[in-house]
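1. Have a look; sequence and predicted model below, questions after that.
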Protein chains: 2
Amino acid sequence: MRKEIKIFILFIAIIMSGRLSTLALSQTIYPDWQIAYHQTELAEPVSWYQATVPGAVQLDIMVAEKYSQPWWYGDNVRQFDWMEDVWFTYKTTFKCPELQNGERLHFFSKGIDYQFKIILNNQTIWEQEGMFTYVDVDLTDALQDMNELKIVLFPVPKLGFDDPEDNPDNYRKNARESAKPPVSYRWDWHPRCVTRGIWDDTYLTICQPIRMNDVSVSYVMDEKLTNTVVRIELLGVNVGGNPYLWTLKDPEGKIVIKKKGLLTSDDSFVEAELLSPVLWWPNGYGNPNLYRSEFVLLDEKNQVLEEYTCKIGFRRIRLIPNEKMWENHWVFPATTSVPPACLEVNNRRIFGKGSNWVHPDVFIGLITPERYREQLELAQKAHFNLLRVWGGGIVNKESFYELCDEMGLLVWQEFPLACNVYPDKPAYLKILEQEAISIVKRLRKHACIALWSGGNELYWSGMTEQSLPLRQLNSICYRFDPHTPFIKTSPFPGVGHGHYLFYDSQLDKELFQWMAEARRTAYTEFGVPGISNIEVLKSFIPSAELFPPKTGTAWSVHHGIGAWRKSSWAEMETYRKYFGESQSLEELVGYSQLMQSEGLKFIYEEARRQKPYCSIALNWCFQEPWPSAANNSLINWPNVPKQAYYHVANALRPVSTSMRARKFEWQEGEEFSFDLFFLNDTYESYDKVKIKVILKYDAKEEELLNWDCFGINQFENVQGPTGHFRIPRMETNLFTILLKAEGYPEYDSSYRFVFKGENVQKTKISYE
Amino acid sequence: MRKEIKIFILFIAIIMSGRLSTLALSQTIYPDWQIAYHQTELAEPVSWYQATVPGAVQLDIMVAEKYSQPWWYGDNVRQFDWMEDVWFTYKTTFKCPELQNGERLHFFSKGIDYQFKIILNNQTIWEQEGMFTYVDVDLTDALQDMNELKIVLFPVPKLGFDDPEDNPDNYRKNARESAKPPVSYRWDWHPRCVTRGIWDDTYLTICQPIRMNDVSVSYVMDEKLTNTVVRIELLGVNVGGNPYLWTLKDPEGKIVIKKKGLLTSDDSFVEAELLSPVLWWPNGYGNPNLYRSEFVLLDEKNQVLEEYTCKIGFRRIRLIPNEKMWENHWVFPATTSVPPACLEVNNRRIFGKGSNWVHPDVFIGLITPERYREQLELAQKAHFNLLRVWGGGIVNKESFYELCDEMGLLVWQEFPLACNVYPDKPAYLKILEQEAISIVKRLRKHACIALWSGGNELYWSGMTEQSLPLRQLNSICYRFDPHTPFIKTSPFPGVGHGHYLFYDSQLDKELFQWMAEARRTAYTEFGVPGISNIEVLKSFIPSAELFPPKTGTAWSVHHGIGAWRKSSWAEMETYRKYFGESQSLEELVGYSQLMQSEGLKFIYEEARRQKPYCSIALNWCFQEPWPSAANNSLINWPNVPKQAYYHVANALRPVSTSMRARKFEWQEGEEFSFDLFFLNDTYESYDKVKIKVILKYDAKEEELLNWDCFGINQFENVQGPTGHFRIPRMETNLFTILLKAEGYPEYDSSYRFVFKGENVQKTKISYE
């Protein structure tokens, strides 16, 4: 019995703690905050400084104490190191507002990072560990005429491990028993910079005596996507007996449900039927249609007390077995196929295309809806329909998911676990449960949420199917959002992560080879590094260090050298192998980005060519949280596309020609063979497309092949002939193969390769 | 909110419904029952007959209406067919007992199969679907002076499907939306005989006004197995303020915990520390040590009101990665290894050896503790340490698990799902939730419970990792028994089921080949059929049909012909291939059982030879619920070992010599090669064992090889040399290879093979 009661109470607490997140608020007060640091919890701070909320403790101190700026220049980020182990306190003072007729004053925050106490007038009124559970504290009973409210932040979680100097890749282990995203402890593309502070909307608010605490809108749709029951669940204070008015408007603004009634108690629900709703579709498969629900609480005189509005996208999402999954499994002693990895939306298989999303700024408190929007617009324009919100980083702010809803971008949402063995210990499980419930209950309403995942590479790190944190997450997702698929981690059996290079000297292989040999249900991480854009490099590398890249300079600090393997991510040896010594920064960046572009093009297209067995292709990674010297990202910080971005966007056109080549570098007389494909991820079909294959080198053009491609069905690729030709002698080091689709220039594709020989001229390339 | 409240209430109901299961009862009344059938729910029965409780409706009608007996003879079982679709009612009348000072009269049952209503004096007081949830109904308020209590059984769940005649293997589909074990709908070793009725202890009981409703004993032990906290949780009625006395006795009867106190409320717990408890070990790894807990409820004068006693085995069980599991996984794009499949008990890997347990009688109401005991003793003597309670059948009665606790037999417990696509529908999920919670809460206290499994071959049948019934079961197990591992089904990736033949004519391969080529983490089903013992055959086959076996006789009804593939399970073609036409029933049975014995010996030993990658070997199946003509079972119904039983017992000795041969049948001049092993599943080590290999044929003996086996470590096999010899000319059709361990005759092994040639004499074999 005891256990059930405890769990029960916990749920109430959490539901209430999120209560104001989505309501229209009548009276909100954003106080001014000050900040200070201190060596122990109770030590008196030396100085109080002005704080920016939301923000980060590092930035406030940087400004106040005049640190070198910008913080991302050179190795300036090291200035923040000492802050990990001290305490910080935010402080505000305010006069008690006039509270009338049962009004209450609450402190509310959408995110305080990471462990903290809230102290009002020297009395501790709240303690919390975990940055994803909204904070909602009733201050009323402890108010005085003048009030001092403090938020005391504990030092960052930092479990020790043996000899950190010997294990530079293991810094993430510091976070292995906490729900703090481990990325800030250092990754191969993120500096050691353990951010902390108030990182999302935070304010005081006057709550009315009659109010809605929590409103959740959900629906159940039958398998045929026709009969739908829409349901509003309400948890209120003193709302019993009050009238309500509920309207649901279709995407064109037409009212399709209008319902008026009396709330019977503080815990009520209202349901209505909706026949054949206009469906929400992911990008490339239809429009992301959103309905609008408006729920209004009225007083006895039918005057509006409060209104809750939200958008609803009607869709059914499942993770279903990949086609051909059970082939070759019926040999006794027979085991089973790998688990399902194909997304189905509204009863249609889709090919999941997109990228891994890391947060767009080291300082998460600085992320704005505008920043999300400009990046997500790039994702949408690149034909993405799926983003994996990677478990090493944060669960995003609400505006991210609202934008994904609007733009038809499906979200694979991971919990904040990555690359660690998170323990079976009760203390950890308790924090994880609190955070996971908060996350699921907050996000489940979004049409974009396609998949819950326990976290990143947890099996690789030593967790197993039996690890209690993962069993707990499955359990929480089942209880609060059963109709969204759940996986324990990525990769799971059958799904592939890696490789992260163009050429692997240990294997003496190129991505052209390992990718064509692979047979995975989904490629959910793969990377090809590219050096950053020149203007980005110049923004943080002192000009004397710019060229050539050297160890121990800003190139190292910003992940250009030694970030993963010795060579990563600038991969100077690979550059030399194909192109000889680079003569300038321009040349180096140009060729590095050419490799990244051609490499990613090959992988994305190869994954698509492997459809229907393969169902997802997501590169590592979309953007970066600070300016890198070199990285697998498509977008430089803060929001500058690299060349690869445009090539990836091209490789992901819903319909296109495609060619599988065998390698990148060629010599005179070698036989170049290639496989032709016509790729179709849409639910359109085509009678016929004529495709011409053209070789372009030096200033010449040669026609290699003509393919009449017939009978292209919905969502099916067609494999064409395999072509061959002898590499002629060339005078310049780059040549191109062009696929031209007669009458459909939008399906054309082109691929660049390296010609190697004596007296060959290096092509001057620049950003295209 | 609403959802949480509902779930919460459900838990209370279920906890209470199990309340009397384990308590010493002061006043229990076993009434006489009558039974009748009727075509509709409300139709008046024609006749009332005497009923046996526990029992089955089929057996009561059989006796009353003088059906042909025994029911298992010939095709007598068909006499029960009509009963599936009618209603049955159990009825009893009783005079109201004198109830004093707040005493209450309850109706209690440990199992009513399957859907029913309880009616007292013409008033429906309880309705239930599900046979694994104990029934506990307070009758008091509806009592009269004379009372009539009825239990009305609904017809069996029987969903339709297209053209049953065309899909004889699909009868199980009738049960695809219910929690009734599907086996009784027909399997390849179970007749169509959908049993029903009161199948476990059922009685009226007078409950005292101060009483314990539910007591559960649990413990938490640290990873080092030293610090243990033992906890009693109590749910009572009016017990607040009463004294209690709790004693815990170690396996030798010495008191190690004695605690006296006052219960503070009806919902109390008592905890005590225990340092370094004597551990419970599975068979072959130590003693299954059990402590005894006695919890006594006293009145104010320290007089005993009630006592609750139970046994506790202290152990820690995990499912951990098999050794060498991650070999060959690090090729990019890299996926993960298969999931863990190795049982670890008390921090020691064990090799799981045993069998698949099906219930010992078609009529589950007839199963007694004695029947369980005699079968489990055979399992224990065969060196078994693990039984898979297969999901097609029932969850066993309590005595089964008590005996497994005592005998050190680990239990892999499946939920009642098998070979169907159980749906995501709310109605099914609700029944499954009720039944699963009842099962987990009842069984979790047993030391023997090693693994929860969603059910049998559910991925093979079309369910996936995303199926809601399986996600729900994981969630329930996590909530109520998180420290016992959970798997969604068997086989899961990496684990193998099958084959079920000695020789597969479709593959033209023998088990010697496919088993040696296999690489599975665990072999959790594999079978070799053997025709039943002659006295068993004679018990149900009319003498005119006994020999030779023919289609359309009792051989067909009892699974000898056409039960799985056309040839199964008598496999007459395989017999002919090796031995020519059989001349008598004795010869047929003898050679069939020889093949079963040698076949199972090879598979069990091969699985052990594949340790450490392989970790479990369980044959299909241990026993059978009625007499088969031929079957993969080791034990004939009701409890008669076949020859294979003794060979399996021998193959599972914790320490033994072992040989891998290439095939079964040999001709003169062929090269016979073999691999030698010394197998050690114990945590003992050995310096040296000398092993001699001897060929025995006709009346001759030849020494083939001597192997000095050195350095045998704990729990490690040693692979020896590969030997070769030329097959000489032989005069008789069987020869033997003998492995003799000098000074350790208990490690000797022997293997029989077939010699084929002209004028070869058929050896007369009989039961050995």
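-> Okay, I see it.

2. all strands for the stretch 401-550 of chain A, in order.
-> A:410-414, A:449-453, A:486-487, A:495-497, A:503-504, A:509-510, A:522-525, A:530-531 (DSSP state E, counting those that start in this stretch).

3. Would you check the distance separating the fifth one from the middle of the chain?
-> Here strand A:503-504 shows a centroid-to-chain-centroid distance of 27 Å under the convention CA atoms, centre = their mean, to the nearest Å.

4. got a list of contacts for it?
-> For strand A:503-504, the surrounding residues in contact (CB atoms under 8 Å, 6 or more residues apart in numbering or on different chains) are A:509-511, A:514, A:571, A:574, A:577-578, A:664, B:332. (Glycine included, C-beta is placed from N, CA and C.)

5. and residue A:141, helix, strand or coil?
-> Three-state call for residue A:141 (DSSP: H, G, I helix; E, B strand; the rest coil): helix.

6. Can you report how many residues lie near it?
-> Using other CB atoms under 10 Å in any protein chain shown, residue A:141 has 9 other residues around it.

7. Same question for residue A:414.
-> Residue A:414: 29 neighbours (other CB under 10 Å).

8. Can you confirm whether the top helix by length along chain A lies near chain B?
-> Longest helix of chain A, by residue count under DSSP state H: helix A:585-609. No. Judged by CB under 8 Å from any CB of the partner chain, helix A:585-609 and chain B are separated, with a smallest distance of 9.0 Å.

9. Now that helix: buried residues?
-> Applying a neighbour-count criterion of 16 or more other CB atoms under 10 Å in any protein chain shown, the buried positions in helix A:585-609 are A:585, A:587-609.

10. now it: mean pLDDT?
-> If you average the pLDDT over helix A:585-609, you get 97.

11. so after that helix, what's the next helix or strand?
-> strand A:616-619 (DSSP states H and E).

12. what's near enough to touch residue A:585?
-> A:534, A:537, A:546-547 are the contacts of residue A:585 under CB under 8 Å, 6+ apart.

13. Can you say which of these are buried?
-> A:534, A:537, A:547.

14. want to throw those into CSV with pLDDT?
-> Below are the buried ones among the contacts of residue A:585 laid out as CSV (pLDDT from 0 to 100):
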residue, pLDDT
A:534, 97
A:537, 98
A:547, 97
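
15. Tell me the one among those residues nearest to residue B:745.
-> Taking CB to CB as the measure, residue B:745 lies nearest residue A:537 of the buried ones among the contacts of residue A:585, at 78.6 Å.

16. For chain B, see how far away that closest one is.
-> Remark: distance between residue A:537 and chain B (CB to the nearest CB, to the nearest Å) = 28 Å.

17. tell me which residues form a beta bridge with whichever residue of the stretch 651-768 of chain A sits closest to chain B?
-> Residue nearest to chain B within the stretch 651-768 of chain A (CB to the nearest CB): residue A:660, separated by 16.1 Å. With DSSP bridges as the criterion, residue A:660 is bridged to residue A:675.

18. doesn't residue A:645 fall inside a strand?
-> No. Going by three-state DSSP, the assignment for residue A:645 is helix, not a strand.

19. what's the burial count for the closest residue to it other than its chain neighbours?
-> Sequence neighbours aside, residue A:634 is the residue nearest to residue A:645 in space, at 4.3 Å (criterion: CB to CB, 6 or more residues apart in numbering or on different chains). Residue A:634 has 29 neighbouring residues, counting by other CB under 10 Å.

20. quick one, what contacts residue A:634?
-> A:355, A:382, A:600, A:619, A:621-623, A:641-642, A:644-645, A:648.

21. And for residue A:678?
-> A:655-658, A:689, A:691, A:709, A:712, A:717-718, A:720, A:747.

22. Using a markdown table, lay out these together with distance to chain B.
-> Supplementary listing: the contacts of residue A:678 in a markdown table, determined by distance: CB to the nearest CB, whole Å:
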| residue | distance to chain B |
| --- | --- |
| A:655 | 25 |
| A:656 | 22 |
| A:657 | 24 |
| A:658 | 19 |
| A:689 | 30 |
| A:691 | 29 |
| A:709 | 29 |
| A:712 | 28 |
| A:717 | 20 |
| A:718 | 25 |
| A:720 | 25 |
| A:747 | 27 |
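
23. Just the CA trace of stretch A:595-609, in CSV.
-> C-alpha atoms of stretch A:595-609 as CSV (Å, rounded to 0.1, in the frame of the first residue of the first chain):
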residue,chain,number,x,y,z
MET,A,595,34.7,16.4,-48.8
GLN,A,596,32.0,17.0,-46.1
SER,A,597,29.5,17.8,-48.8
GLU,A,598,30.2,14.9,-51.1
GLY,A,599,30.5,12.5,-48.1
LEU,A,600,27.2,13.4,-46.6
LYS,A,601,25.6,13.4,-50.0
PHE,A,602,26.8,9.8,-50.5
ILE,A,603,25.6,8.6,-47.0
TYR,A,604,22.2,10.2,-47.1
GLU,A,605,21.5,9.0,-50.6
GLU,A,606,22.9,5.5,-49.8
ALA,A,607,20.5,5.3,-46.8
ARG,A,608,17.7,6.2,-49.1
ARG,A,609,18.8,3.7,-51.7
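
24. And the one helix or strand residue A:293 maps to, what does it pack against?
-> Applying DSSP H and E as the criterion places residue A:293 in strand A:291-298. Judged by 3 or more CB pairs under 8 Å, 6 or more residues apart in numbering or on different chains; DSSP states H and E, the packing partners of strand A:291-298 are strand A:211-221, strand A:227-237, strand A:243-249, strand A:304-312.

25. so that strand versus strand A:304-312, what angle?
-> Going by axes from the mean of the first three to the mean of the last three CA atoms, to 10 degrees, strand A:291-298 is angled at 160 degrees with respect to strand A:304-312.

26. domain ranges for chain A?
-> A:13-156+A:194-205, A:224-315, A:497-635, A:655-755 (automatic domain parsing).

27. hey, which of those domains is tucked in deepest?
-> Mean neighbours per residue, mean count of other CB atoms under 10 Å in any protein chain shown, is largest over the domains of chain A for domain A:497-635, with a mean of 22.

28. measure that one end to end?
-> One end of domain A:497-635 to the other measures 20 Å (CA to CA, to the nearest Å).

29. swap in stretch A:355-371?
-> Using CA to CA, first and last residues of stretch A:355-371 are 17 Å apart.

30. quick one: buried residues of that stretch?
-> A:355-367, A:371.

31. Point out the least confident one among the residues you listed.
-> Comparing those by pLDDT, residue A:359 comes last, at 93.

32. The residue nearest to that one when sequence neighbours are not counted and residue A:473: what is the separation?
-> Leaving aside its sequence neighbours, residue A:359 sits nearest to residue A:393 (CB to CB, 6+ apart; 4.8 Å). Residue A:393 is 17 Å from residue A:473, where distance means CB to CB, to the nearest Å.

33. check contacts around residue A:193.
-> A:58, A:77, A:80, A:184, A:362.

34. model confidence over stretch A:729-738, on average?
-> 98.

35. how far does it stretch from start to finish?
-> Note: stretch A:729-738 ends 19 Å apart using CA to CA.

36. partner residues bridging residue A:732?
-> Beta-bridge partners of residue A:732, as defined by DSSP bridges: residue A:761.

37. right, and it touches residue A:697 too?
-> Yes. The pair residue A:732 / residue A:697 is scored as a contact, 7.2 Å apart, by CB atoms under 8 Å.
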